[in-house]
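Asks: Sequence first, predicted model second:
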Amino acid sequence: MPKTFRTYQPSKRTRKQQFGFRARTKTANGRDILRRRRRAGRKRLLPKGVEVHFKRHTQQHA
């Protein structure tokens with residue numbers, strides 16, 4: 001019998017690629033989502049955690 005696991009395996013990169021601002025503006029449906037959220041007066045156009053910026057090569061491993 002196979003082991004069961006939780007379906008949500010979070011990753012910052014895939015979250016940003018799927019739900020980030022650039023991903024939304026790329027497709028017509030995504031632009032519709034942004035338009036609807038602006039019209040609704042949302043404080044956040046994107047879900048939480050998408051605006052995370054990656055720090056590249058800033059820390060060296062000890």
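Replies: Nice, I can see it. Numbers count the residues shown, from 1 in each chain.

Asks: looking at it, Arg31 is touching Arg22, isn't it?
Replies: No: with contacts counted by C-beta atoms under 8 Å, Arg31 stays clear of Arg22, the gap being 11.6 Å. Just so you know, the C-beta spots here come from the backbone N, C-alpha and C atoms, and that holds for glycine as well.

Asks: between those two, who's got more neighbours?
Replies: Between Arg31 and Arg22, Arg31 has the larger neighbour count (other C-beta atoms under 10 Å), namely 12 against 9.

Asks: give me every residue that touches Gly30.
Replies: Taking C-beta atoms under 8 Å, 6 or more residues apart in numbering, we find Gly30 in contact with Ala23, Arg24.

Asks: give me phi/psi at it?
Replies: Gly30 adopts backbone torsions of phi -70, psi -40, taken as degrees, to the nearest 10.

Asks: For it, give its distance to Lys3.
Replies: The gap separating Gly30 from Lys3 is 35 Å, by C-beta to C-beta, to the nearest Å.

Asks: same deal with Gly49?
Replies: Distance from Gly49 to Lys3, by C-beta to C-beta: 28 Å.

Asks: Arg15 too?
Replies: As for Arg15, its distance to Lys3 is 25 Å (criterion: C-beta to C-beta).

Asks: Then Ala28?
Replies: Counting by C-beta to C-beta, the gap from Ala28 to Lys3 is 40 Å.

Asks: quick one, which of the two is more surrounded?
Replies: Shown here are Ala28 and Lys3; by other C-beta under 10 Å, Ala28 has more neighbours (7 against 4).

Asks: Which helix or strand lies directly C-terminal to the lowest-mean-pLDDT helix or strand in the chain?
Replies: Using mean pLDDT, DSSP states H and E, helix 12-19 stands out as the lowest-scoring helix or strand of the chain, at a mean of 89. As assigned by DSSP states H and E, the chain's next helix or strand after helix 12-19 is helix 21-26.

Asks: Now do that next one: which elements does it pack against?
Replies: In terms of contacts (3 or more C-beta pairs under 8 Å, 6 or more residues apart in numbering; DSSP states H and E), helix 21-26 is packed against helix 28-39.
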